[in-house]
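Asker: Please find the sequence and the predicted model below.
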Amino acid sequence: MALTKEQIAQRIAKELRDGYYVNLGIGIPTLVANYIPPGIEVVLQSENGLLGMGPFPFEGDEDPDLINAGKQTVTTVPGSVFFDSAMSFGMIRAGKVDLTVLGAMEVSEEGDIASWKIPGKLVKGMGGAMDLVASARNIIVAMMHTNTKGESKLLQKCSLPLTGVRCIKKIVTDIAVLEVTNGGFKLLERAPGVSIKEIISKTTGRLRVEGEIPEMKF
Amino acid sequence: MALTKEQIAQRIAKELRDGYYVNLGIGIPTLVANYIPPGIEVVLQSENGLLGMGPFPFEGDEDPDLINAGKQTVTTVPGSVFFDSAMSFGMIRAGKVDLTVLGAMEVSEEGDIASWKIPGKLVKGMGGAMDLVASARNIIVAMMHTNTKGESKLLQKCSLPLTGVRCIKKIVTDIAVLEVTNGGFKLLERAPGVSIKEIISKTTGRLRVEGEIPEMKF
Amino acid sequence: MNKVVQNADEAIKDIQDGAVLMLGGFGLCGIPENCITALVKKEVKNLTCISNNAGVDDFGIGLLLQKRQLKKMIASYVGENSEFERQLLSGELEVELIPQGTLATRCLAAGYGFPVFYTPAGVGTEVAQGKEVRNFNGKDYLMEYAFDADFSIVKAWMGDTHGNLIFKETARNFNPLVAMAGRITIAEVEKLFPAGQLDPNIIHTPGIYVHRIFQGSNYEKRIEQRTVRKRK
Amino acid sequence: MNKVVQNADEAIKDIQDGAVLMLGGFGLCGIPENCITALVKKEVKNLTCISNNAGVDDFGIGLLLQKRQLKKMIASYVGENSEFERQLLSGELEVELIPQGTLATRCLAAGYGFPVFYTPAGVGTEVAQGKEVRNFNGKDYLMEYAFDADFSIVKAWMGDTHGNLIFKETARNFNPLVAMAGRITIAEVEKLFPAGQLDPNIIHTPGIYVHRIFQGSNYEKRIEQRTVRKRK
């Protein structure tokens, strides 16, 4: 069974370590915050200028001056701190954020990522994505394995305009966990009940399948 | 009569304009703060991180956390603000400080300044002087016209290691006010009772004496 | 040192057609609402606006778009605005998209007197076209230039007559950076105090960067994405 | 996210001979007194210290000089210290003098991930020797590198268990910059609070830059130049 978006987030949450500072992108990555394992404390960074992002406010408590990078109303947690956008990207560029999770349209077997622009469609902009992928020490892409047409999003080369080059380390899709290695995508785990054959058929880029491939655990 | 150090400071204070942000160096420049003309409001910047430097504290009110760039205990004034050293030199570099007054060992007719190092003597360092002279939009040097051996400090070329090149615009000494021009030092004013002949004899660099040279007024 | 002007109209009175403006704000958070309204009223045209976003159809910079006052928009993200899309597709409006961190740092560079800086953002992408690429310590960086804008317009929470500013929560965002970067900086504040009333330790933007300040009025502070939890 | 250590001895316990340290402070103002004392006690040798000043004979970094624990000092101004002069003249101590703004910005660059930056400070002087000179908009600039230090040691006024820091008055100086620049950053504070007690709007150094924090004790806060006015 392919994972739901919530399950993708849940699987990514297992990559969190105690004391991590984490930047979660819009979409599936945002959901990761709902699955932080017990006993693990992480601080969420929002690139519009907040460390220590809390959950959505209770109805009626929304504060227009307190939003996240997705422009959603949020809250703070004890130990939160606000800063300006230059410092925000400064700490990202300096490698102080331990983990970045973001979505993608395509990832190449060399770790290139395309996520911001589709030729012929109206372009909304890259926001902070180019800064994040170029700077972060550790990036996980959260995405569906194939696009709405059923085509693989894990390619030899990205076909869409790039967001960054050779920057993605790990990918969690609805059917697999993969690591970007010198020899292409290395299959680490498969979704429960999903066959290696299915993953192979849905992966256009070079795929390394070595030894036993365990099913994901939650 | 050659000016006292206080009178040099007093003459420089006449260059202040209402609304100026001013950085005053150690020595004679510091004294300028005592002669701010009535009706003129200036804000003093201290490069260790203070805008709005006030006078020395009353006895017993000294605060070890509140010092100026000369490491002297000072006070704040209404509207003061503290910041870090990067922002301090940032505002200097960006030309936000309207006037910088500092001392010098030598000034050349092209506006070079030497003020931090004497070969053979122990060097204490340039502190913020190189940043200030390279960045400030408007710099006045406050110094004696000659050194303790009676030699001119206004030279064709500086003999000592430089602090900055082509940066000094105006010089106020104990006997003259001079402007640095393409054609050398232009004599603007002389100290009361000091002859042009004396100024010529004490100036080694090229000196332009054109028309009437008025006496300084206080 | 009193930098107080009466209102937004007075603050922006010398902004002319063709001016390059920088505006603080992220989405609709921390935007200079009063000054935008005054710019609409003044009907200045052919503006170049540098701001992280372009507002929504009927709020923020969107109000200037409605009146076709913009020639060019420089931003990192411009979704949520159909009039913007229409003008872009029809060729009425020029758009330059730049990475968010690069946008922030181009402001910082202007305020700190750095002519250029190097960032890895955009290396190997179309953002790198025409730019110097340089390798430091084994990593490639792009050279990016400091902004040079005629006017900076920001919104702060509190300010004083010297122009010192304090921002609230994530309404800080680009505001202190934009404030540092303009040749003339205009600040509108929710609460204006006499000099000496704000704690000098907690000021975000020193007044030396601010040329005009006024207390704004009627802040709407529209929320773009109202997301809430149910109370138990 | 609790970064609290017991005391200075624990905070510096893995600083080894030959380490490169950055220290906050300007003169004797805002210096990490407790950590300096602990470094003296630990007798680590061959240290490289980056700090704006080198203290006085019997206080601040001067205490490390007394015990000959320094191999190299990188500073902008090193007066007021006769032991320093002696070691310098005898060749025991290496010294690198750099402009104060360059020193501050080399810290900022490290904390903001800029490999290099350009500054006009030192152009045409001996500071420019061996450095790239580049002209932007008709003005010459020197290329300077970000610092890369093993440990940063700072002193703050208030801090919390997450490592968030607030500095007091001009004791801020280089401290927030040094705090951003080290691979491992140690902060000693006068008052340590549980996370959540400090207003998130007024924090100068976000905890993400701080790895260890402790409440210091017995601060002497020596005044270098006591200048006063007579009361009327």
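Answerer: Arrived safely.

Asker: can you pull out the strands in chain C?
Answerer: Assigned strands in chain C, in chain order: C:20-23, C:47-50, C:70-75, C:94-97, C:116-119, C:133-136, C:139-145, C:149-160, C:165-166, C:182-193, C:212-215 (criterion: DSSP state E).

Asker: Now render those strands as CSV, adding mean neighbour count.
Answerer: (C-beta placed from N, C-alpha, C; glycine too.) Output for those, formatted as CSV (neighbours: other CB atoms under 10 Å in any protein chain shown):
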stretch, mean neighbour count
strand C:20-23, 26
strand C:47-50, 22
strand C:70-75, 20
strand C:94-97, 15
strand C:116-119, 23
strand C:133-136, 13
strand C:139-145, 19
strand C:149-160, 27
strand C:165-166, 26
strand C:182-193, 22
strand C:212-215, 20
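
Asker: among these, which is nearest chain A?
Answerer: For these, proximity to chain A was assessed by CB to the nearest CB; strand C:94-97 is nearest, at 4.5 Å.

Asker: does any part of the lowest-mean-pLDDT helix or strand in chain C sit near chain A?
Answerer: Lowest on mean pLDDT, DSSP states H and E among the helices and strands of chain C sits helix C:82-89, with a mean of 87. Yes - residues of helix C:82-89 are located near chain A by CB under 8 Å from any CB of the partner chain, namely C:85, C:88-89.

Asker: contact partners of that helix?
Answerer: With contact meaning CB atoms under 8 Å, 6 or more residues apart in numbering or on different chains, helix C:82-89 is reached by A:122, C:54, C:57, C:62, C:65-66, C:68, C:70, C:73, C:78, C:93, C:95.

Asker: now do 7 Å
Answerer: With contact meaning CB atoms under 7 Å, 6 or more residues apart in numbering or on different chains, helix C:82-89 is reached by A:122, C:54, C:57, C:62, C:65-66, C:78, C:93, C:95.

Asker: swap in stretch A:132-141?
Answerer: By CB under 7 Å, 6+ apart, the list of residues contacting stretch A:132-141 from outside reads A:12, A:15, A:23, A:92-93, A:95, A:97-102, A:104, A:107, A:113, A:163-164, A:167-172, C:120-121, C:123, D:113.

Asker: Contact residues of chain A facing chain D?
Answerer: Residues of chain A lying close to chain D by CB under 7 Å from any CB of the partner chain are A:19, A:21, A:41, A:43, A:51, A:76, A:78-83, A:90-91, A:93-96, A:135.

Asker: go again using 8 Å as the cut-off
Answerer: Going by CB under 8 Å from any CB, the residues of chain A near chain D are A:19, A:21, A:41, A:43, A:45, A:51-52, A:76-83, A:86-87, A:89-97, A:135.

Asker: Please, a ChimeraX command that selects the buried ones among these?
Answerer: Those of the residues of chain A next to chain D that count as buried under 16 or more other CB atoms under 10 Å in any protein chain shown are selected in ChimeraX with:
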select /A:21,43,45,51,52,76,77,78,79,80,81,82,83,86,87,89,90,91,92,93,94,96,97,135
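
Asker: Show me the residues of chain A next to chain D that map onto helices.
Answerer: Among the residues of chain A next to chain D, the ones falling in helices (DSSP state H) are A:86-87, A:89-93, A:135.

Asker: Pipe these into a markdown table and attach pLDDT per row.
Answerer: Formatted as a markdown table, those follow (pLDDT from 0 to 100):
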| residue | pLDDT |
| --- | --- |
| A:86 | 98 |
| A:87 | 98 |
| A:89 | 98 |
| A:90 | 98 |
| A:91 | 98 |
| A:92 | 97 |
| A:93 | 97 |
| A:135 | 94 |
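
Asker: For PyMOL, what selects the buried ones among the contacts of stretch A:132-141?
Answerer: To isolate in PyMOL the members of those that are buried, counting by 16+ other CB under 10 Å, one can use:
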select buried, (chain A and resi 12+15+23+92+93+97+98+99+100+101+102+104+107+113+163+164+167+168+169+170+171+172) or (chain C and resi 120+121+123) or (chain D and resi 113)
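
Asker: Select from the contacts of stretch A:132-141 every entry located in strands.
Answerer: Judged by DSSP E, the contacts of stretch A:132-141 include A:23, A:99-102, A:107, A:113, A:170-172 as members of strands.

Asker: Nearest to chain D, out of those residues: which one, please.
Answerer: Nearest to chain D among those: residue A:23, at 10.9 Å, using CB to the nearest CB.

Asker: Please tell me how far that closest one sits from chain B.
Answerer: 24 Å (CB to the nearest CB, to the nearest Å).

Asker: got the contact list for that residue?
Answerer: Contacts for residue A:23 were tallied using CB under 8 Å, 6+ apart; they are A:44-47, A:92, A:97, A:99-101, A:132, A:136.

Asker: Identify the bridge partners of it.
Answerer: residue A:45, residue A:100 (DSSP bridges).

Asker: how far away is it from residue B:125?
Answerer: 41 Å (CB to CB, to the nearest Å).

Asker: Return the per-residue confidence for residue C:81.
Answerer: For residue C:81, the pLDDT comes out at 84.

Asker: Based on its surroundings, how many neighbours for it?
Answerer: Residue C:81: 23 surrounding residues under other CB atoms under 10 Å in any protein chain shown.

Asker: Ok, residue A:183 next?
Answerer: Around residue A:183 sit 11 other residues, with neighbours defined as other CB under 10 Å.

Asker: for the one 5 residues further on, same thing?
Answerer: A count of neighbours around residue A:188, defined by other CB under 10 Å, yields 17.

Asker: how about the residue lying closest to it once chain neighbours are set aside, phi and psi?
Answerer: Excluding its sequence neighbours, the residue lying closest to residue A:188 (CB to CB, 6 or more residues apart in numbering or on different chains) is residue A:177, at 4.5 Å. When read as degrees, to the nearest 10, the backbone of residue A:177 gives phi -110, psi 130.

Asker: Low-confidence ranges, the chain, go.
Answerer: Since no chain was named, I'll use chain A. Across chain A, nothing is flagged by pLDDT under 70.

Asker: Break down it into its helices, ranges please.
Answerer: Listed in chain order, the helices of chain A (DSSP H) span A:5-13, A:28-31, A:85-93, A:129-135, A:196-201.

Asker: Packing partners of the shortest one?
Answerer: Counting contacts by 3 or more CB pairs under 8 Å, 6 or more residues apart in numbering or on different chains; DSSP states H and E, the secondary-structure elements packed against helix A:28-31 are helix A:5-13.

Asker: tell me which strands and helices the helix it packs on is in contact with?
Answerer: The contact analysis (3+ CB pairs under 8 Å, 6+ apart) places helix A:5-13 against helix A:28-31, strand A:139-142, strand A:170-172.

Asker: Adding distance to residue C:145 as columns, could you present those in JSON lines?
Answerer: Formatted as JSON lines, those follow (distance: least, CB to CB, whole Å):
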{"stretch": "helix A:28-31", "distance to residue C:145": "32"}
{"stretch": "strand A:139-142", "distance to residue C:145": "28"}
{"stretch": "strand A:170-172", "distance to residue C:145": "35"}
